[in-house]
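>>> quick one, structure for this:
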Amino acid sequence: MAELWVANLGRLPYAEGVALQDRIRTARQTGAIPDCLLLLEHDPVYTKGRRSERADLPMGDDWYRAQGIEVAETTRGGRVTYHGPGQLVGYPIMAIDDVIAYVRTLERAVIAALAEEDVEAEVREGLTGIWVGDRKIGSIGVHVSRGVTMHGFAVNVDCDLQPFEWIVPCGIEGVRMTSLYVESGRTGAMSCFRKRVAYRMASAFGLRQRIVTPERLLAAVEPAEAVPA
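From the prediction side, this is the model:
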């Protein structure tokens, strides 16, 4: 059975996470490494997807930065969303041949992990992301280049939801955000939920999970970077 390498990266600035994805995706495109899943949290940041509009950040970029929240452009699909501590971000770096099927599999994996926390989530017709009733708990936005993915999903575990109130999340007016903590009342769920997501991701894609350290992952990536293009 093919492997899914899973690396827990802790907390990273957004730009560092993107740069790391770029390096790993290049190695995946050359076949130097198997499919990977990076699990992490970001410093507070609003990310603008390719379809973002100025109205999605109504206060203006400088106001958000004054609140201590970075504003960053990104190559993923979708519009504006927020990342911050207490939110689990997953970046699958995977070789795929069907983008729609890939996104649907991501959704199923996250929904299954939430179900194990006794949170009943679903996708909603015509809307992006993952929902608990009329409240949004997770976002999905991907980018595919030469058949390999980057970006991925974000699930609110026990993060501060206030920054979502200052934007139009994912371009959906009036959306209410929620989290695993709000829905279950449980604190300290990040470590357990991170493991559930990794297991469900591997299972959904028919892969065998292999936990690797960031150092092991980068050690496998570096030889591929030394090969002339």
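>>> for the helix or strand hosting residue 143, buried residues please.
Residue 143 is part of strand 135-145, with elements assigned from DSSP states H and E. Going by neighbour count (16 or more other CB atoms under 10 Å), the buried part of strand 135-145 is 136-144. All C-beta atoms are positioned from the backbone trio N, CA, C, and that covers glycine.
>>> which residue ranges form the helices in this protein?
With helices called from DSSP state H, the chain shows them at 14-29, 61-66, 99-115, 162-165, 180-184, 190-204, 214-226.
>>> what packs against the strand holding residue 143?
Here strand 135-145 is seen to pack against helix 99-115, strand 130-132, strand 148-156, strand 176-177, helix 180-184 when contacts are counted using 3 or more CB pairs under 8 Å, 6 or more residues apart in numbering; DSSP states H and E.
>>> redo that, cut-off 6 Å
Contacting strand 135-145 under the criterion 3 or more CB pairs under 6 Å, 6 or more residues apart in numbering; DSSP states H and E are the following elements: helix 99-115, strand 148-156.
>>> with mean pLDDT, mean neighbour count and distance to residue 203 as extra columns, can I get the ones you listed in TSV?
Formatted as TSV, the entries for those read as follows, by pLDDT from 0 to 100; neighbours: other CB atoms under 10 Å; distance: least, CB to CB, whole Å:
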stretch	mean pLDDT	mean neighbour count	distance to residue 203
helix 99-115	96	18	7
strand 148-156	95	24	16
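>>> these: which one's closest to residue 67?
Among the helices and strands packed on strand 135-145, strand 148-156 comes nearest to residue 67, with 18.4 Å by CB to CB.
>>> endpoints of stretch 85-97, how far apart?
Across stretch 85-97, the terminal residues are separated by 33 Å (CA to CA, to the nearest Å).
>>> what's the offset of it from the middle of its chain?
Relative to its parent chain, stretch 85-97 has a centroid offset of 4 Å by CA atoms, centre = their mean, to the nearest Å.
>>> can you list contacts of that stretch?
Identification of contacts with stretch 85-97 by CB atoms under 6 Å, 6 or more residues apart in numbering yields 21, 24-25, 28, 35-42, 83, 102, 147-149, 152-159, 194.
>>> repeat for stretch 23-40
Under CB under 6 Å, 6+ apart, the answer for stretch 23-40 is 3-9, 12, 89-94, 146, 148, 150, 194, 201, 220-221, 224.
>>> so what pairs up with the closest residue to residue 210 other than its chain neighbours in the strands?
If you skip the residues right next to it in sequence, residue 210 has residue 3 as its closest partner in space, 4.7 Å away by CB to CB, 6 or more residues apart in numbering. For residue 3, the beta-bridge partners under DSSP bridges are residue 208.
>>> who are the neighbours in contact with residue 3?
Applying CB under 6 Å, 6+ apart to residue 3 gives the contacts 34, 208, 210.
>>> turn the residues you listed into CSV, including pLDDT.
Compiled in CSV, the contacts of residue 3 are given as follows (pLDDT from 0 to 100):
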residue, pLDDT
34, 97
208, 98
210, 97
